[in-house]
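Student: I'll drop the sequence and a predicted model, then ask my questions.
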Amino acid sequence: MARSGTVARRTGRALGAPLRHWRSLPWWGRGLVALGLAVAVPVAALGSLFVAIRLHYSGEPAAEARTRGRDAVWLGHAWVDGRKTETDVAALARQLAGTGVRDLYVHTGPLEHDGSLPPSVHPQARWFTGAVHRALPGVRVQGWLGDEVKPERDALDLDDAPTRDRITDSARQVLDQGFDGVHFDMEPIRPGTAGWLALLDQVRPVTAARGAELSVAAPQIDPVPGLHTAGILLTDHGKWWDAAYFRETARRVDQIAVMTYDTSMPTEPLYGGYVALQTELALAATPPEVDLLIGLPFYWDDRWGHWGRAETVPAAVRGVRLGLGRQDLRRANFGVALYVDFAATPENWAAYRSGWVDPA
């Protein structure tokens with residue numbers, strides 16, 4: 001019993017020593033310790049997140065993780081404003097031959113801030129839809145409409161019913177030009193925005209009545225729960241969606257494409273792991289009957305939000321294949337979306353073909 005008491009006293013002294021030392025520090029010393037802890041905790045958490053992301057890039061992709069013939073390409077405005085010709089359409093057909101591309105998102109807007117679409121911004125739209133249907137039978141052409149949105153930008157107000165009505169009329173206008181669908185890219189929409197979901201509910205019957213597609217470009221999903229909230233509080237910018245809002249969007253459309261680029265990841269393995277994680281999250285949140293596409297960066301940039309040395313097509317493709325293999329390998333309604341045609345290089349196309357269309 002005496003021995004147990006001695007051990008207890010020694011243990012008490014050992015545990016009490018740090019507290020006595022803390023009390024003996026001057027106020028500025030305590031402040032420095034507190035500041036160090038305040039910095040160390042989030043740094044440690046960030047480091048753990050990077051390790052977890054990097055682990056998503058490990059392993060070997062399954063042989064079955066490859067194109068399902070449901071891929072897409074975003075095309076620039078030059079295709080509908082008169083700058084492109086039949087020669088360019090023929091070259092596009094050769095570029096897409098033997099790939100998995102089924103959809104073309106052609107920039108037919110931008111929308112005016114009130115939701116309207118002046119016909120003058122796409123004078124050759126009817127010519128282009130006809131030319132593509134002749135040159136690429138089986139490939140669908142969707143009118144890409146977009147604009148910036150409130151509250152971050154003084155632009156579209158999706159919570160305004162008359163604005164939604166004008167956007168719906170713009171969708172009808174696009175379909176009247178021979179497009180096979182409407183593709184919305186409106187940014188940055190904050191998760192929880194009721195007007196966005198109301199717009200999709202309003203436009204979906206319009207496209208369905210024409211036998212056309214309704215597709216959207218969507219932000220990335222929170223890699224950790226609640227990150228979108230922290231991002232808005234710290235930067236006043238909505239970069240991510242929570243999985244629940246992504247799901248609510250996905251179930252209202254025929255096709256959803258995740259913009260899996262501009263990630264700030266500094267190395268290829270981290271970027272590829274991030275793409276793998278996004279693929280898994282999006283697969284879990286997207287109904288099986290909806291086409292899910294993962295965006296690939298067919299462009300070069302080198303800045304804080306997008307490191308060109310890291311955000312490469314090979315890393316993105318490998319990440320997509322790893323995520324698909326882990327989450328839902330047999331999913332048919334799945335593909336990749338290539339952003340964007342006017343910035344793409346031959347190396348981008350070669351990496352897409354060798355990594356996704358015909359992987360070794």
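Tutor: Received, thanks. Residues are numbered from 1 along each chain as shown.
Student: now do the same contact list for the closest residue to Asp157 other than its chain neighbours.
Tutor: By the measure of Cβ to Cβ, 6 or more residues apart in numbering, the closest residue to Asp157 outside its immediate chain neighbours is Lys150, 4.9 Å from it. No exception for glycine: its C-beta is placed from N, CA and C like everyone else's. Residues near Lys150 by Cβ atoms under 8 Å, 6 or more residues apart in numbering: 156-159.
Student: if you skip the residues just before and after it, what's nearest to the residue nearest the centre of the chain?
Tutor: When the chain is reduced to its mean C-alpha position, the closest residue under Cα atoms, centre = their mean turns out to be Met259, at 2.3 Å. Leaving out its chain neighbours, the residue that sits closest to Met259 by Cβ to Cβ, 6+ apart is Gly295, at 4.8 Å.
Student: thought that neighbour was touching Thr263?
Tutor: No - contact criterion Cβ atoms under 8 Å: Gly295 and Thr263 do not qualify, at 10.7 Å.
Student: which non-adjacent residue is nearest Thr129?
Tutor: Gly178 (3.4 Å).
Student: contacts only, for Arg166.
Tutor: By Cβ under 8 Å, 6+ apart, Arg166 lies in contact with 114-116.
Student: which pLDDT value belongs to it?
Tutor: At Arg166, the model reports a pLDDT of 98.
Student: mind exporting stretch 349-360 as PDB, just the C-alpha atoms?
Tutor: What follows is stretch 349-360, C-alpha atoms only, in PDB (Å, rounded to 0.1, in the frame of the first residue of the first chain):
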ATOM      1  CA  TRP A 349      -5.000  14.700 -76.600                       C
ATOM      2  CA  ALA A 350      -2.300  12.000 -76.600                       C
ATOM      3  CA  ALA A 351      -2.400  11.600 -72.900                       C
ATOM      4  CA  TYR A 352      -6.200  11.300 -73.000                       C
ATOM      5  CA  ARG A 353      -6.100   8.700 -75.700                       C
ATOM      6  CA  SER A 354      -3.300   6.600 -74.100                       C
ATOM      7  CA  GLY A 355      -4.500   6.900 -70.600                       C
ATOM      8  CA  TRP A 356      -8.300   6.700 -70.900                       C
ATOM      9  CA  VAL A 357      -9.400   5.600 -74.400                       C
ATOM     10  CA  ASP A 358      -6.900   2.800 -74.900                       C
ATOM     11  CA  PRO A 359      -4.900   2.300 -71.700                       C
ATOM     12  CA  ALA A 360      -2.100  -0.200 -71.800                       C
END
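Student: that one: how far from the chain's middle?
Tutor: Computed by Cα atoms, centre = their mean, to the nearest Å, the chain-centroid distance of stretch 349-360 equals 21 Å.
Student: stretch 142-158 now?
Tutor: Put simply, stretch 142-158 sits 16 Å off its chain's centre (Cα atoms, centre = their mean).
Student: pLDDT on it, on average?
Tutor: Taken as a whole, stretch 142-158 carries a mean pLDDT of 96.
Student: how about that stretch: buried residues?
Tutor: The neighbour-count criterion (16 or more other Cβ atoms under 10 Å) identifies 142-150, 155-158 as the buried residues of stretch 142-158.
Student: quick one: the helices in the chain, in order.
Tutor: 2-24, 27-55, 86-96, 125-135, 161-176, 194-209, 227-235, 243-250, 268-285, 313-327, 346-352 (DSSP state H).
Student: hang on, the earlier thing: mark which of the contacts of Arg166 are buried, thanks.
Tutor: Among the contacts of Arg166, the ones that count as buried (16+ other Cβ under 10 Å) are Gly115.
Student: Ala78: which of the contacts of Arg166 is nearest?
Tutor: Relative to Ala78, the closest of the contacts of Arg166 is Ser116; by Cβ to Cβ it sits at 22.2 Å.
Student: show me the contacts for that closest one.
Tutor: 166, 169-170.
Student: go again using 6 Å as the cut-off
Tutor: Residues near Ser116 by Cβ atoms under 6 Å, 6 or more residues apart in numbering: Arg166.
Student: Phe298 now?
Tutor: Phe298 touches 338-339, 344, 348, counting by Cβ under 6 Å, 6+ apart.
Student: likewise for Pro151?
Tutor: Counting by Cβ under 6 Å, 6+ apart, Pro151 touches no other residue.
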